[in-house]
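# Need the 3D shape of this:
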Amino acid sequence: MTGFDTDIDLPQGVEATLQGVLLLLKGPKGSSKKRLYHPTIAIQLQGKKILITSKAKKPNKNHKMLINSFRAHIKNMILGVQKPYRATLKVCSGHFPITVMVEGNMVVIKNFLGEKSSRKTGIMEGVKVTVQGDQIIVEGVDLENVAQTAARIEQSTRITNRDRRIFQDGCYITLKAGEEK
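Next up is the predicted model:
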């Protein structure tokens, strides 16, 4: 072991399985999986601990950076399976009444700026989207998928070639995934 190596304790109720480079975590609120691979980094399970070590004979700051990145991903996964991540968006419609609905694995935005065609964006795997009045709630155990889905919804209502001070219609992120009110 080098000075860069780290270990992460698994909390009560969280189980980990390592299948090659695929790390699976199961917790009370769901399960999460992530492919964690780099040729110079090794991940091992030892009881209720996940060990992240460098395979290099002389580890340097790049190895430390990779180990810390893997540690951050794993900690986000652990938090997600204990308490799902949530992002909130607000629907703002000043000129035309916007209708937002979920159809299968798509978010459909109708009548945006009076457009006849609907704007659609996909919902990522493991993410649940609900619409409550003028609020869009995006929930899931994977931080990256929740944040990416919220960003896609916001980008689908992006306005170009108009004065942003006047045309403020759209869906805007009011609470990012991982933040608390």
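# residues near residue 115, how many?
11 (other Cβ atoms under 10 Å). The C-beta positions use only the backbone N, C-alpha and C, and glycine is treated the same way.
# Distance of it relative to residue 169?
In this structure, residue 115 and residue 169 are 11 Å apart, going by Cβ to Cβ, to the nearest Å.
# Please enumerate the helices of this structure.
For the chain, applying DSSP state H gives helices covering 61-82, 143-156.
# got the CA positions of the longest one in CSV?
In this case it means helix 61-82. Extracted C-alpha coordinates of helix 61-82, given in CSV (Å, rounded to 0.1, in the frame of the first residue of the first chain):
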residue,chain,number,x,y,z
LYS,A,61,-0.1,12.8,-8.3
ASN,A,62,-2.1,11.5,-11.4
HIS,A,63,-2.7,8.2,-9.5
LYS,A,64,-3.8,10.2,-6.5
MET,A,65,-6.2,12.1,-8.7
LEU,A,66,-7.7,8.9,-10.1
ILE,A,67,-8.0,7.3,-6.7
ASN,A,68,-9.8,10.4,-5.3
SER,A,69,-12.1,10.5,-8.4
PHE,A,70,-13.1,6.8,-7.9
ARG,A,71,-13.6,7.5,-4.2
ALA,A,72,-16.0,10.4,-5.0
HIS,A,73,-18.0,8.3,-7.5
ILE,A,74,-18.3,5.5,-4.9
LYS,A,75,-19.4,7.9,-2.1
ASN,A,76,-22.0,9.4,-4.5
MET,A,77,-23.3,5.9,-5.2
ILE,A,78,-23.5,5.0,-1.5
LEU,A,79,-25.4,8.2,-0.7
GLY,A,80,-27.8,7.6,-3.7
VAL,A,81,-28.8,4.0,-2.6
GLN,A,82,-29.5,5.4,0.9
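# coming back round to it: show me which of the helices of the chain has the highest average neighbour count.
Sort the helices of the chain by mean neighbour count, taking mean count of other Cβ atoms under 10 Å, and helix 143-156 sits at the top with a mean of 20.
# Restrict it to CA atoms and write it as PDB.
The C-alpha trace of helix 143-156 is given here as PDB (Å, rounded to 0.1, in the frame of the first residue of the first chain):
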ATOM      1  CA  LEU A 143     -26.400  11.400  -9.200                       C
ATOM      2  CA  GLU A 144     -25.100  11.700 -12.800                       C
ATOM      3  CA  ASN A 145     -28.300  10.500 -14.400                       C
ATOM      4  CA  VAL A 146     -30.500  12.700 -12.300                       C
ATOM      5  CA  ALA A 147     -28.400  15.800 -13.000                       C
ATOM      6  CA  GLN A 148     -28.200  15.000 -16.800                       C
ATOM      7  CA  THR A 149     -31.900  14.500 -17.100                       C
ATOM      8  CA  ALA A 150     -32.600  17.800 -15.400                       C
ATOM      9  CA  ALA A 151     -30.100  19.500 -17.600                       C
ATOM     10  CA  ARG A 152     -31.700  18.000 -20.700                       C
ATOM     11  CA  ILE A 153     -35.100  19.300 -19.700                       C
ATOM     12  CA  GLU A 154     -33.700  22.800 -19.100                       C
ATOM     13  CA  GLN A 155     -31.800  22.700 -22.400                       C
ATOM     14  CA  SER A 156     -34.900  21.600 -24.400                       C
END
